[in-house]
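1. coordinates for the following, if possible.
(2 chains)
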Amino acid sequence: MNTRNKRFNWVDGLVLLLVLAVGAGGFYFLQQRKASGGGVETGKREIVFLAEAVRVLPEVAASVEIGDRIVALNAIQDGEVVGVEIFDTQREAAVDGAIVAVSDPNSKTLRVTIRATVNRYGPYMDFGGQEIKVGSSYWIKTEGMHALGSVVAILEKEAGK
Amino acid sequence: MKLLDSNWKFFGKVHVFDLLFLLVLVAALAGVLNRVSGGDLASMAGGSKPVPVRMTLKTFEYDPAYYQSLEAGAELVEDKMVFEGSRIVSVDLQDAPITLVDNNGDVVNGSNPLRKVALVVVEATATRKGPIYELGKQELRVGAGFFLTTEDNKLSTIITAFQPLDEGDAGVVE
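-> The predicted structure is shown next:
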């Protein structure tokens, strides 16, 4: 009779312990996910947001129009420009002891309102690979122009689909 | 004694396949632990604990339009995760001071006519590891930069006051 085969192999014991640990870890992870709401809500959502680019050339600012489609990731995105506002870039100046705002006609501030269908991952919204949050930098990009700016406001937001 | 004998065993004891399998399991276990700890294995060592905190954030200067979506009650988030129980307690818009030299060469102090700052009080449950408080990936300390991130906002701020709310901790740090 071969008694060697009946001996408990310490490597087998370790493997067993590790399998149990991995199982316990996986169970803990799933419990944590369940406790935090079972993961994030994902889906599509239509929003309207305002983006601006400051100190852009007048020619660049003039190259965007209502109805222009948004371009990103080398493709037309599900979004369009629904509003355009162009004004002289405002600067601070001190005149005769007072601080005032003055207009600089050599550069423009471009504000565009965009209606877009964004991807939603819980509290995170993504449109064409760009995060949409007030204060985030944002490339305003259409078929005719682009300019680096930032998101100024989220004006409308429908419930997630 | 040979390192690897003719039976593929290290020192005649452990088979090379057993060892490889063991390594794979260790890697898998480390992966699971890393995932469970939110990418921070150190926190699994038991050296961290949740601590409710209150802090005051002063935003950088922004055009007032940027504050439209910033409201009391909003939860703080990071990437795709919401910090449960966190919230903006109050938002107080204030003038942004500015100093310029006018056309007469005089120094003029006043308020920026184009921009405002906001003082934002938030409460959240931070993680304390020794002397370090963190909320997600951001360290909480007076003077530290902090991205005030909610579902709608991601504004740059500086922490100007910090207060752990559990008993026995130091009071307001300002």
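2. make it CA atoms for all contacts and neighbour counts henceforth
-> Will do.
3. the residue nearest to residue B:12 when sequence neighbours are not counted: how many residues sit nearby?
-> Leaving aside its sequence neighbours, residue B:12 sits nearest to residue B:5 (C-alpha to C-alpha, 6 or more residues apart in numbering or on different chains; 6.1 Å). Around residue B:5 there are 13 other residues, counting by other C-alpha atoms under 10 Å in any protein chain shown.
4. now do the helices in the chain.
-> In the absence of a named chain, this looks at chain A. A:10-35, A:58-61 (DSSP state H).
5. wait, I meant chain B there
-> B:16-36.
6. domains of it?
-> B:1-36, B:48-164 (automatic domain parsing).
7. ranking these by burial, who's on top?
-> domain B:48-164 (a mean of 18; mean count of other C-alpha atoms under 10 Å in any protein chain shown).
8. and the domains of chain B as CSV, adding distance to residue A:70 and mean pLDDT?
-> Shown next, in CSV, are the domains of chain B (distance: least, C-alpha to C-alpha, whole Å; pLDDT from 0 to 100):
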stretch, distance to residue A:70, mean pLDDT
domain B:1-36, 37, 79
domain B:48-164, 20, 95
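9. how close does residue B:33 get to chain A?
-> Going from residue B:33 to chain A by C-alpha to the nearest C-alpha, to the nearest Å gives 7 Å.
10. and the angle for the helix-or-strand element of chain A with minimal mean pLDDT with helix B:16-36?
-> Lowest by mean pLDDT, DSSP states H and E among the helices and strands of chain A is helix A:10-35, with a mean of 75. Angle, helix A:10-35 to helix B:16-36, by axes from the mean of the first three to the mean of the last three C-alpha atoms, to 10 degrees: 20 degrees.
11. which strands or helices does the strand ranked longest in chain B pack on?
-> Identified as the longest strand of chain B according to DSSP state E is strand B:107-129. Packing partners of strand B:107-129 (3 or more C-alpha pairs under 8 Å, 6 or more residues apart in numbering or on different chains; DSSP states H and E): strand A:75-95, strand A:98-121, strand B:48-59, strand B:87-101, strand B:132-135.
12. and chain A, what are its domains?
-> According to automatic domain parsing, the domains of chain A span A:3-35, A:42-157.
13. what's the most buried one of these?
-> Highest mean neighbour count among the domains of chain A (mean count of other C-alpha under 10 Å): domain A:42-157, a mean of 19.
14. mind checking how far that domain is from the chain centre?
-> Centroid displacement of domain A:42-157 relative to its chain, using C-alpha atoms, centre = their mean, to the nearest Å, is 13 Å.
15. quick check, it touching chain B?
-> Yes - for domain A:42-157, a contact with chain B is found by C-alpha under 8 Å from any C-alpha of the partner chain, at A:90-101, A:121-124, A:132-136, A:152-154.
16. once you drop chain neighbours, what's closest to the residue nearest to the spatial centre of chain A?
-> Centroid-nearest residue in chain A: residue A:131, 0.9 Å away (criterion: C-alpha atoms, centre = their mean). Nearest residue to residue A:131 in three dimensions, chain neighbours excluded: residue A:125, at 5.8 Å (C-alpha to C-alpha, 6+ apart).
17. residues in contact with that neighbour?
-> A:118-119, A:131-133 (C-alpha atoms under 8 Å, 6 or more residues apart in numbering or on different chains).
18. which residues does residue A:116 bridge with?
-> Beta-bridge pairing of residue A:116 under DSSP bridges involves residue A:47, residue A:79.
19. just checking, it touches residue A:48?
-> Yes - counting by C-alpha atoms under 8 Å, residue A:48 is a contact partner of residue A:116 at 6.3 Å.
20. quick check: residue B:143 vs residue B:56, distance?
-> Separation of residue B:143 from residue B:56 (C-alpha to C-alpha, to the nearest Å): 11 Å.
21. now do residue A:85
-> 35 Å.
22. ok, residue B:77 next?
-> Taking C-alpha to C-alpha, one finds residue B:77 at 17 Å from residue B:56.
23. do the same with residue B:92
-> Distance from residue B:92 to residue B:56, by C-alpha to C-alpha: 11 Å.
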